[in-house]
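> With the input below, show me the fold.
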Amino acid sequence: MERCANERRHLDGAMLERVRAVVLAGAFTSDATYAAYRLDQFVASLVEAGVATRPQPAAHQPTRREVLRAEFTSYLRVQRGLRESTINHCLYNFERFMTDRFGDEGMGDLNAITPEGIVAFCRKLRCKAWPSHLRNLFEFLFWSGKTRHNLATSIPRVAHGRAANLPRYVRPEVVQQLVDAARSDDALGRRDHAMLLLLARLGLRAPEVVAIQLEDIDWRAGEILIRGKGGRHERVPLPSAVGEAIVDYIQNGRAGDSRALFVSHRAPHQPFKDAQTINDVLQKAFAKTGLKPPQKYIGSHLLRHSLATAMLGGGASLEEIGHVLRHRSRVTTTIYAKCDLETLRSIAQCWPAEGGAQ
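Modelled structure (predicted):
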């Protein structure tokens, strides 16, 4: 009995690891997977019987790069208040730049990074969002004292012809047709109808619709809390038609225990992972009505632009439109000035012709 007790004390994690290595080394290649499975089952039985302990995984020592990534993540989340999707993009860009500069795993002297090296890296990219993400990285490095100079100022901006394009929109009657097309008497139709109404009447962004929680609606005050970009929370009036559509969905279509307002119509009725579902709803509405979209890509921003253009045509000022759309900068709202064709005609110069201006 004493010998058995001594042997039982030796069935620790280290010994089991050695036994596992010997068994798998003697197994045929074709049987290795099955042998590993059966060995794991045997070890589990020993652990359950109380005669062995599982091997403890070796403590992981984070590398300098992993530590820097964790600090950068905290900075983006706490100091900048960015959305998780934006944080993920910044971290992806962090890894790509570090790999380009220092290799797959390592990290060298951050102060050795030069503006010329950053510009050379940017030239390899084709996405206009990359400079913004890199700017976040180098602002963090300077803010945290890891670099002596703020290299964010050396990152060039991407030139684009935004001012040359008109915002894509559809007329108010077309918007109404699309909203009506999404409506049906089942749970899916009630949900899609309420979501498109929020886009069309309040000019919300798709991620803002996805982020709405049940407790965000103040029915007594007739307001709804919008969780906007940059962590901004704002209360806006809830039109009666939109409120009625939401109530219809909650009472006659919504299911599940999630606190998100809009959830999947399939069990277990989880919240949306992203806002692509709303784009899909709008695409189906176009297909159902047979209407031709103003552009190849059909995105939810189409209804936001349509609301702003309709307000402009109804006599609203750019300041009022910016307030409804919750723009941080007036410059963002000025793109809609290009849609006021009648006003533009009143200030346009006559086209010069032979013999003088006509």
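> pLDDT below threshold where in the stretch 51-200 of the chain?
55-59, 126-129, 158-167 (pLDDT under 70).
> Swap in 80 and give it another go.
Filtered on pLDDT under 80, the stretch 51-200 of the chain yields the residue ranges 51-60, 83, 85, 104-106, 122-131, 156-169.
> Helices of that one, start to end?
Assigned by DSSP state H, counting those that start in this stretch, the helices in the stretch 51-200 of the chain fall at 64-74, 84-102, 115-122, 130-143, 172-181, 187-202.
> Can I get these in JSON lines including mean neighbour count?
For the C-beta atoms, the positions are set from N, CA and C on the backbone; glycine is no exception. Listed next are these as JSON lines, based on neighbours: other C-beta atoms under 10 Å:
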{"stretch": "helix 64-74", "mean neighbour count": "15"}
{"stretch": "helix 84-102", "mean neighbour count": "16"}
{"stretch": "helix 115-122", "mean neighbour count": "14"}
{"stretch": "helix 130-143", "mean neighbour count": "20"}
{"stretch": "helix 172-181", "mean neighbour count": "17"}
{"stretch": "helix 187-202", "mean neighbour count": "23"}
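> In CSV, list the ones you listed along with distance to Gln276.
Output for these, formatted as CSV (distance: least, C-beta to C-beta, whole Å):
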stretch, distance to Gln276
helix 64-74, 24
helix 84-102, 12
helix 115-122, 28
helix 130-143, 21
helix 172-181, 18
helix 187-202, 13
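> out of those, nearest to Ala287?
helix 172-181 (8.8 Å; C-beta to C-beta).
> Pull the contacting residues for Ile298.
Asn279, Leu282, Gln283, Phe286 (C-beta atoms under 8 Å, 6 or more residues apart in numbering).
> Run a quick neighbour tally on Lys229.
If you count neighbours by other C-beta atoms under 10 Å, Lys229 ends up with 14.
> who touches it in this structure?
Arg83, Arg205.
> quick one on the thing from earlier: pick out the one among the contacts of Ile298 with the largest number of neighbours.
In those, the most neighbours by other C-beta under 10 Å go to Leu282, 26 neighbours.
> So that one lies in a helix, does it not?
Yes. Membership of Leu282 in a helix is supported by DSSP: H, G, I helix; E, B strand; the rest coil.
> May I have the residues that are in contact with it?
Leu178, Leu196, Leu199, Ile298, Gly299, Ser300, Leu302, Leu303.
> ditto for Ile224
Counted by C-beta under 8 Å, 6+ apart, Ile224 has contacts Leu202, Ile212, Asp216, Ile217, Asp218, Arg235, Val236, Leu238.
> now Ala206
Per C-beta under 8 Å, 6+ apart, neighbours of Ala206: Leu199, Ala275, Ile278, Asn279, Gly299, Ser300, His301.
> same question, Leu225
If you count contacts by C-beta under 8 Å, 6+ apart, then Leu225 has Ile212, Gln213, Asp216, Ile217, Asp218, His233, Glu234, Arg235 around it.
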